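Trainee: got a predicted model here, sequence first, then my questions.
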Amino acid sequence: MSGRDTQSLHCLVTGATGYIGGRLVPELLDAGHRVRCMARSPDKLRDHPWAGRAEVVRGDVTDPDSVGDALRGIDVAYYLVHALRTGDDFEETDRRAARLFAERARAAGVGRIVYLGGLTPADVPERELSPHLRSRAEVGETFLRSAVPATVLRAAIIIGSGSASFEMLRYLTERLPVMVTPSWVSTRIQPIAVRDVLRYLVGSARMPDDVNRAFDIGGPDVLTYEQMMRRYAVVTRLPHRLILRVPMLTPRLSGLWIGLITPVPSSLARPLAESLRHEVVCREHEIAQYVPDPPGAPIGFDQALTLAVQRVRDAQVTTRWSSSALPGAPSDPLPSDPDWAGGSLYIDRRGLAVDASPKALWQVIEGIGGDNGWYSFPLAWAVRGWLDRLAGGVGLRRGRRDAARLRVGDSLDFWRVEEIEPGRLLRLRAEMRLPGLAWLEMYSDRDGQGRTRYRQRALFHPHGLLGHVYWWSVSPFHSVVFGGMARNIAQAAGQADAVHDGHGANPG
């Protein structure tokens, strides 16, 4: 293979702002390759932890000049662009873009094109496929017929936080203890963990030059959509789901229904639902001849689910939810993921300027709880503590270890200190009995004008339908509890500063 199996390759990743592309880039970098990303909006990539390690260029797969420039000097080109929408022209757009990319890749001397498409059923004529699957198949054939050797990977549902098909599964199962479902819930599907998809993509860069073919890729489990929903409920410890099939729900109606029940847009839900009409099961596993499976791979469905929801289960507030955390695994959310990815998270935000120094504000934040209380509506906090004790929780009886200082792991009434950045951030994780996970974050910092500013976030990740009901039942009281808390903390900081200085001036 002319030394390609050992040398560092120069890889182009199109669709780097997408679900797979954003996760593939760091995997290629860690494998020792140089990476160039092509994106229509490069600014969307600046918050990725790998942004400083990869080259980013602006481009569009429908623009000949930008495609040609992006492919210059490239050994392996990853084509991860999909028109996941409906409309009369999207298939033609996909067709023209693939042809253009193949032509420019040949002209630039690219050694291989790697494409991730959809797994298609074996016994269904192409004309009967959903437009979404039909277009993916045509793009793959375009690359296989081109003058550049191609690897076409065909996958069904990809299991990982941020994948549109996984998010649809997640929200349907979590939000509906009783589900009225279309007939496609009985369709057999072979899902695959995102970690395995990335492993195959990275391994495809070093395939022999004479390999020009498609490969089916999937996990070890073949399940119906109904079985996947039931197993999701088991893995995430949700109650048993009652599933009722309604055959008259067409793909169009299913898409509208999914868009209503879940935050996944109907424009995405409809092509996904249309694709689920057909059985999508791998017919071969010959990819293993070129990308051998390590021990424990491919990853099973239950383990893939566990990885996809692990960050929330471990009470770690991930990238999209908190700027202080960065993703650590392919199954974690990324900054470029859509807002509806990663599961539901309700947030109550408060912020205001403080007439005190950041140091004085931090002293109030770090001294919260215990004998100092929670700076708002003491009766409401007391009642919540009593209710928690009645439910078998810890209530407010634990207090504090130290009256002035906190450290990670300290208990604080019915909270636990999860993170502390002295002088800046205190993050508490709730240990009260709740139908979900909750955090309270308090910040002391300065705004653009150098003024002291207090910021506060209450976050809640609901568990099942009861979690959503709980949040909306208590949200009317947030302005009193959390709003009052922010105002009183700011006031206490100002008073403490005034006492310290002997006057009301802010030394900060």
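Mentor: Nice, thanks for sending it over.
Trainee: please name the nearest non-neighbouring residue to Ile347.
Mentor: Excluding the flanking residues, the one nearest Ile347 by C-beta to C-beta, 6 or more residues apart in numbering is Leu459, at 5.4 Å. Where C-beta positions appear, they are placed from N, C-alpha and C, glycine not excepted.
Trainee: right, and the one you found touches Ala438 too?
Mentor: Yes. Leu459 lies in contact with Ala438 (C-beta atoms under 8 Å); the separation is 6.6 Å.
Trainee: wait, Thr120 sits on His132?
Mentor: No. Thr120 lies out of contact with His132 (C-beta under 8 Å); the separation is 10.6 Å.
Trainee: low-confidence ranges, the chain, go.
Mentor: Along the chain, the parts satisfying pLDDT under 70 run over 1-6, 83-88, 179-181, 246-257, 259-260, 263-267, 311-343, 392-397, 498-508.
Trainee: of all the residues in the longest helix belonging to it, which ones are buried?
Mentor: Counting by DSSP state H, the longest helix found in the chain is helix 478-501. Residues of helix 478-501 classed as buried by neighbour count (16 or more other C-beta atoms under 10 Å): 478, 481-486, 488-490, 492-494, 496-498.
Trainee: roughly how far is it from the heart of the chain?
Mentor: 35 Å (C-alpha atoms, centre = their mean, to the nearest Å).
Trainee: what do you get for stretch 97-113?
Mentor: 31 Å.
Trainee: can you pull out the residues in contact with that stretch?
Mentor: 4, 12, 14, 61-62, 64, 67-68, 71-79, 81, 138-139, 142-143, 146-151, 204-205, 207, 209 (C-beta atoms under 8 Å, 6 or more residues apart in numbering).
Trainee: of these, buried ones?
Mentor: 4, 12, 14, 61, 67-68, 71, 74-79, 81, 138-139, 142-143, 146, 148-151, 204-205, 207.
Trainee: just to be sure, the residue nearest to Ile347 is in a strand?
Mentor: Yes. Assessed by DSSP: H, G, I helix; E, B strand; the rest coil, Leu459 belongs to a strand.
Trainee: burial check on it, number of neighbours?
Mentor: 21 (other C-beta atoms under 10 Å).
Trainee: just grab the bridge partners of it for me.
Mentor: Here Leu459 sits in beta bridges with Ile347, Trp439, going by DSSP bridges.
Trainee: outline the domain layout of this protein.
Mentor: The record's domain parsing of the chain by automatic domain parsing lists 10-313, 346-501.
Trainee: which of those sits most buried?
Mentor: Mean neighbour count (mean count of other C-beta atoms under 10 Å) peaks for domain 10-313 among the domains of the chain, with a mean of 19.
Trainee: give me the element Cys37 is part of.
Mentor: Element membership of Cys37 [criterion: DSSP states H and E] is strand 34-39.
Trainee: give the partner strands of the helix or strand following that strand in its sheet and their orientations.
Mentor: Note on strand 34-39: by DSSP H and E, the next helix or strand toward the C-terminus is strand 55-58. Strands flanking strand 55-58 in the sheet, each with its direction: strand 34-39 (parallel) (DSSP bridges).
Trainee: tell me which residues are up against the partner strand.
Mentor: Contacts of strand 34-39 (C-beta under 8 Å, 6+ apart): 8-17, 21, 25, 28-29, 45, 53-59, 61, 66-67, 70, 74.
Trainee: and the nearest residue to Ala137 once chain neighbours are set aside, which of the three is it?
Mentor: Nearest residue to Ala137, sequence neighbours excluded (C-beta to C-beta, 6+ apart): Thr120, at 5.3 Å. Here Thr120 is coil, with the state taken from three-state DSSP.
Trainee: roughly how far does Thr120 sit from Ala155?
Mentor: Distance, Thr120 to Ala155, by C-beta to C-beta, to the nearest Å: 11 Å.
Trainee: equivalent analysis for Met229, please.
Mentor: Counting by C-beta to C-beta, the gap from Met229 to Ala155 is 20 Å.
Trainee: now swap in Glu128 and tell me
Mentor: Taken as C-beta to C-beta, the span from Glu128 to Ala155 is 21 Å.
Trainee: likewise Ala70?
Mentor: Using C-beta to C-beta, Ala70 is found at 25 Å from Ala155.
Trainee: got it, and Thr14?
Mentor: Here the criterion is C-beta to C-beta. By it, Thr14 lies 17 Å from Ala155.
Trainee: do Leu465 as well
Mentor: 31 Å.
Trainee: which stretches of the stretch 251-400 of the chain form helices?
Mentor: Using DSSP state H, counting those that start in this stretch, the helices of the stretch 251-400 of the chain run over residues 251-261, 266-275, 301-313, 358-366, 378-390.
Trainee: kindly reformat the ones you listed as CSV containing distance to Trp184.
Mentor: Shown next, in CSV, are the helices of the stretch 251-400 of the chain (distance: least, C-beta to C-beta, whole Å):
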stretch, distance to Trp184
helix 251-261, 7
helix 266-275, 7
helix 301-313, 18
helix 358-366, 51
helix 378-390, 43
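Trainee: looking at these, which is closest to Val234?
Mentor: Evaluated over the helices of the stretch 251-400 of the chain, closeness to Val234 peaks at helix 301-313, with 8.0 Å, by C-beta to C-beta.
Trainee: for that closest one, packing partners?
Mentor: The helices and strands touching helix 301-313, judged by 3 or more C-beta pairs under 8 Å, 6 or more residues apart in numbering; DSSP states H and E, are strand 158-159, helix 164-175, strand 192-193, helix 194-204, helix 225-235.
Trainee: about what we covered before: in strands only, show me the contacts of stretch 97-113.
Mentor: Among those, the ones falling in strands (DSSP state E) are 12, 14, 76-79, 150-151.
Trainee: between those residues, which sits nearest Leu198?
Mentor: Tyr78 (11.1 Å).
Trainee: what's opposite the closest one in the beta bridge?
Mentor: Bridge pairing for Tyr78 (DSSP bridges) gives the partners Val13, Val114.
Trainee: now it: how far from Ala147?
Mentor: Distance of Tyr78 to Ala147, computed by C-beta to C-beta: 18 Å.
Trainee: also Ser163?
Mentor: 32 Å.
Trainee: same check on Ala438?
Mentor: From Ala438 over to Ala147 the distance is 57 Å, taken as C-beta to C-beta.
Trainee: cool, thanks, signing off.
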